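**Student:** Pasted the sequence and its predicted model underneath.
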Number of protein chains: 2
Amino acid sequence: MNSEHNKHFSELLNRERKKIDKILFDSFDNRNPDTLYLPAAYILKSGGKRLRPLLVIFSARAVNNQFKKGYYAAAAVELLHNFTLVHDDIMDNAEKRRGLLTLHKKYDINTAILVGDSLLAVAYETLLMDCSGDSKKIVSSFTKSLVEVCEGQSLDKEFEMRDNVSVDEYLMMIRKKTSALFEMCCKLGAILGGGNANQVKALSTFGRNLGMAFQIQDDLLDILGPEEEFGKISGGDLIEGKKTFLFLSALSLAKGEDEQALLYVIKHKGIRKNQVYKYRNLYARLGIFDLAAVETQGYFTKAQHSLRRLPDERNKFVLEWIAHSLIKRKK
Amino acid sequence: MNSEHNKHFSELLNRERKKIDKILFDSFDNRNPDTLYLPAAYILKSGGKRLRPLLVIFSARAVNNQFKKGYYAAAAVELLHNFTLVHDDIMDNAEKRRGLLTLHKKYDINTAILVGDSLLAVAYETLLMDCSGDSKKIVSSFTKSLVEVCEGQSLDKEFEMRDNVSVDEYLMMIRKKTSALFEMCCKLGAILGGGNANQVKALSTFGRNLGMAFQIQDDLLDILGPEEEFGKISGGDLIEGKKTFLFLSALSLAKGEDEQALLYVIKHKGIRKNQVYKYRNLYARLGIFDLAAVETQGYFTKAQHSLRRLPDERNKFVLEWIAHSLIKRKK
């Protein structure tokens, strides 16, 4: 796509982001008590790409070009996403999020638990504002992804404790922790837009595969992305000893000294910052970056392929463009 | 009511409890991962009166004697209730619940956060199994109470930090933290049973007032109830410095030395166990126990009164009996 295309799509997405943000920011006006809702507003105003809400909006339009609603459902998935961030950050004892203090660091753990709960409660409330005839289908999809996200997070925490996690187990975990939410966003949009069963299925498949590609890309950017932007340290996953796609793939291929070096990470639950370069070289030597790129591309192709089943409308190309820019992103 | 009545109603409730428990215990079979769902099963199997599910079941039958469903919705409110218990216990740093270790003490805080989230997710999933035409109404009521429960808990935690909480503020807090859930249970039952608008309103009013009576009775039992049963210490609220109905009422009436003694509790965030008897005497001298009994009776009467608007069916008397036994309970 040329740069004019890029500019056009970027502007379109920014306009939609503003509408989504308006609903998100308004969600906490006129609510009490402040001890609960001011911290909730803090996390929502801390930024974020609003990727998941955009998937709702453009999935709806991909099945119905004229559809101009769905903003409440879009806001609801962002609220759900932020609920997971707040609780996950407690569990990971994370310091920073989007360059700002995490909620439990700015306030305290009790506040963060309760604000997370409340974000989820308001998410359902907001979702219901876009529900009419199809409310059972919509709430069911939303809830199914919530169940899966919890299961995925549980597996993620379990993997921290286990020494024998396989790449397949990892893929199953991100399928639940990350990709279930992407899938739900696209499915929700398709239902709201009035898509038929085939279209709902096609968009679900698109979301599911995009989510997988997004997460593996995320693992890749953690070590290959720009240094210390938004408080992120290059190689942070290695430093924390996370069992990512890269790490587990490397472990499955490594022999001799390389294998020992990787087992060291597990045994010591991470490495020092000045050891990152060594593991980056190890990954490169084992071809892990290429492997991850191929894996990402595979999911991306599947996602793209599933869009073929949709009518040839402009908004389908917006989805394709979103997918493309996610895979090509550098941070 | 005579003892034969009591026996009959007790047996009826026990039969219903078994059906509710079957659904609750089955909710976590066939789910993975175990690291998430075994602790979830632990909390659900730890007991509980299943009061809220029974309110759903008998509210439904109070508007429709022939109604034999609603067990999924009933299980859902219990799951929601247990979600609040698990997260509240973390926030209160509670050791025991129903005589057993609290979830975060038996496992850890991270597990308890995630299990709480998951109980809520499964609550929605279970609720949806009883949804058909009225799903939007049902999910909305459920969600509204969830929002309020979070707000109530936030107020409760806020009150711990504040020195100037009024009795009215306390009543507003328990209205959200406790009574909103009771109200929702009865409303949900009324909707499921196909009640008309008046009946739904009557049962909501019943639940709301019963919830208020229940909570003030709870405050009363904390200091007047039997010692150390189920791990509860008589006067536990005073020991922890909780601003209960009793405490705040006493503070609003006390003068001189009595007032100083109450301010001491606030300042020191609680008292020692051997000081409880002194405060029990103080409450008695100020007539606080009578005051609480009058307040409880007031809500109970309102609850009872609202049942008059319902058809004169057997199941209405079950609700009355439940209300009566709650108010007369000794623990």
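**Tutor:** Good, I have the coordinates. Residues are numbered from 1 along each chain as shown, chains lettered A, B, ... in the order given.
**Student:** quick check, stretch A:19-33 touching chain B?
**Tutor:** Yes: under the criterion of Cβ under 8 Å from any Cβ of the partner chain, chain B is reached by stretch A:19-33 at A:Arg31, A:Asn32, A:Pro33. In this view, the C-beta of every residue, glycine as well, is placed from N, C-alpha and C.
**Student:** and the last one, what is it in contact with?
**Tutor:** A:Pro33 makes contact with B:Glu151, B:Ser154, B:Leu155, B:Glu158, according to Cβ atoms under 8 Å, 6 or more residues apart in numbering or on different chains.
**Student:** and if you look at the first one?
**Tutor:** By Cβ under 8 Å, 6+ apart, the residues touching A:Arg31 are A:Tyr37, B:Glu151.
**Student:** ok, now with 7 Å
**Tutor:** The contact partners of A:Arg31, taken as Cβ atoms under 7 Å, 6 or more residues apart in numbering or on different chains, are A:Tyr37.
**Student:** A strand includes it, no?
**Tutor:** No: looking at A:Arg31 with DSSP: H, G, I helix; E, B strand; the rest coil, it is coil, so not inside a strand.
**Student:** how deep is A:Pro226 tucked in, by neighbour count?
**Tutor:** Neighbour count of A:Pro226, defined by other Cβ atoms under 10 Å in any protein chain shown: 11.
**Student:** Return the residues of the stretch 151-300 of chain A in contact with chain B.
**Tutor:** A:Glu151, A:Gln153, A:Ser154, A:Leu155, A:Lys157, A:Glu158 (Cβ under 7 Å from any Cβ of the partner chain).
**Student:** residue contacts, the first one?
**Tutor:** When the contact criterion is Cβ under 7 Å, 6+ apart, the partners of A:Glu151 are A:Lys176, B:Asn32, B:Pro33, B:Leu36.
**Student:** Separate out the buried members of these.
**Tutor:** A:Lys176, B:Leu36 (16 or more other Cβ atoms under 10 Å in any protein chain shown).
**Student:** Give me the lowest-pLDDT entry from the contacts of A:Glu151.
**Tutor:** Lowest in pLDDT among the contacts of A:Glu151 is B:Asn32, which has 92.
**Student:** For my notes, please list the residues of stretch A:19-33 next to chain B in a markdown table and give distance to A:Lys137 for each entry.
**Tutor:** Compiled in a markdown table, those are given as follows (distance: Cβ to Cβ, whole Å):
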| residue | distance to A:Lys137 |
| --- | --- |
| A:Arg31 | 28 |
| A:Asn32 | 33 |
| A:Pro33 | 34 |
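**Student:** who touches the most centrally placed residue in chain A in this structure?
**Tutor:** Nearest residue to the geometric centre of chain A (Cα atoms, centre = their mean): A:Thr178, 5.1 Å. Contacts of A:Thr178 were listed using Cβ under 7 Å, 6+ apart, and they are A:Gly211, A:Phe214, A:Gln215.
**Student:** Next, the buried residues of the helix or strand hosting the second one.
**Tutor:** Secondary-structure assignment from DSSP states H and E places A:Phe214 in helix A:197-224. Across helix A:197-224, burial judged by 16+ other Cβ under 10 Å covers A:199-200, A:202-220, A:222-224.
**Student:** if we can go back for a sec, so which of the residues of the stretch 151-300 of chain A next to chain B sit within helices?
**Tutor:** Cross-referencing those against helices under DSSP state H gives A:Glu151, A:Gln153, A:Ser154, A:Leu155, A:Lys157, A:Glu158.
**Student:** want to throw those residues into JSON lines with pLDDT and distance to B:Tyr72?
**Tutor:** Shown next, in JSON lines, are these (pLDDT from 0 to 100; distance: Cβ to Cβ, whole Å):
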{"residue": "A:Glu151", "pLDDT": "97", "distance to B:Tyr72": "21"}
{"residue": "A:Gln153", "pLDDT": "97", "distance to B:Tyr72": "25"}
{"residue": "A:Ser154", "pLDDT": "97", "distance to B:Tyr72": "24"}
{"residue": "A:Leu155", "pLDDT": "97", "distance to B:Tyr72": "27"}
{"residue": "A:Lys157", "pLDDT": "95", "distance to B:Tyr72": "29"}
{"residue": "A:Glu158", "pLDDT": "95", "distance to B:Tyr72": "29"}
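**Student:** what about the residue in the stretch 151-300 of chain A positioned nearest to chain B, neighbour count?
**Tutor:** Distances between the stretch 151-300 of chain A and chain B by Cβ to the nearest Cβ are smallest at A:Ser154, namely 3.8 Å. By other Cβ under 10 Å, the residues close to A:Ser154 number 27.
**Student:** picking that back up, tell me which two of the contacts of A:Pro33 sit farthest apart.
**Tutor:** Greatest spacing in the contacts of A:Pro33, by Cβ to Cβ: B:Glu151 and B:Glu158 (10.2 Å).
**Student:** need the contact list for A:Cys150.
**Tutor:** B:Leu36, B:Leu114, B:Asp117, B:Ser118, B:Ala121.
**Student:** Could you list the low-confidence segments of chain A?
**Tutor:** Within chain A, the ranges that satisfy pLDDT under 70 run A:1, A:227-233, A:331.
**Student:** Same question for stretch A:35-45: list its buried residues.
**Tutor:** So, applying 16+ other Cβ under 10 Å, buried residues of stretch A:35-45: A:Thr35, A:Leu36, A:Tyr37, A:Pro39, A:Ala40, A:Ala41, A:Tyr42, A:Ile43, A:Leu44.
**Student:** So that stretch, near chain B or not?
**Tutor:** Yes: judged by Cβ under 7 Å from any Cβ, stretch A:35-45 and chain B are in contact via A:Thr35, A:Leu36.
**Student:** Convert the C-alpha atoms of that stretch to CSV, please.
**Tutor:** Only the C-alpha atoms of stretch A:35-45 are listed here, as CSV (Å, rounded to 0.1, in the frame of the first residue of the first chain):
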residue,chain,number,x,y,z
THR,A,35,-11.9,6.3,45.5
LEU,A,36,-13.0,3.7,43.0
TYR,A,37,-13.6,5.6,39.8
LEU,A,38,-10.7,8.0,39.8
PRO,A,39,-8.2,5.2,39.6
ALA,A,40,-10.4,3.5,37.0
ALA,A,41,-10.2,6.7,34.9
TYR,A,42,-6.4,6.9,35.5
ILE,A,43,-5.8,3.5,33.7
LEU,A,44,-8.2,4.3,30.9
LYS,A,45,-6.6,7.7,30.2
